[in-house]
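Undergrad: Provided below for reference: sequence and predicted model.
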Amino acid sequence: MTYVSEAPRAASDQSPRWFSDLMASFKHRQEQRRAYIETLGQLSAMTDSELADIGLSRLMIRDVAMQAAYTD
């Protein structure tokens, strides 16, 4: 018995939409992570006096870096 499918297929040179969405999401998360690490490093390198000048304490560094990187 022969079966014929009439379901449309993507062109062979195009990747499925879900894959490109997945890759875009992955790249976005990488950029966010990079921003977090960079912000964390810069704030950690500051002295307590410099942090106090901008209204931060050393305990707030991770929270500030998270907020800077992951909030839209």
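TA: Okay, I see it. Numbers count the residues shown, from 1 in each chain.
Undergrad: At the geometric centre of the chain, which residue do we find?
TA: residue 29 (2.1 Å; Cα atoms, centre = their mean).
Undergrad: gap between it and residue 43?
TA: 21 Å (Cβ to Cβ, to the nearest Å). Quick note: C-beta positions are derived from backbone N, CA and C, even for glycine.
Undergrad: tell me which element the residue nearest to the centre of the chain falls in.
TA: helix 17-45 (DSSP states H and E).
Undergrad: What of residue 4?
TA: Using DSSP H and E, residue 4 falls outside every helix and strand.
Undergrad: tally of neighbours for the closest residue to residue 61 other than its chain neighbours?
TA: Sequence neighbours aside, residue 43 is the residue nearest to residue 61 in space, at 4.6 Å (criterion: Cβ to Cβ, 6 or more residues apart in numbering). By the measure other Cβ atoms under 10 Å, the count of residues near residue 43 is 19.
Undergrad: quick one: residue 43 and residue 67 touch, right?
TA: No: judged on Cβ atoms under 8 Å, residue 43 makes no contact with residue 67 at a distance of 11.6 Å.
Undergrad: Kindly give the local confidence score, pLDDT, for residue 37.
TA: pLDDT for residue 37: 98.
Undergrad: could you check the distance from it over to residue 44?
TA: In terms of Cβ to Cβ, residue 37 sits 10 Å off from residue 44.
Undergrad: again with residue 18
TA: From residue 18 to residue 44 the distance is 38 Å (Cβ to Cβ).
Undergrad: Nothing else from me, thank you.
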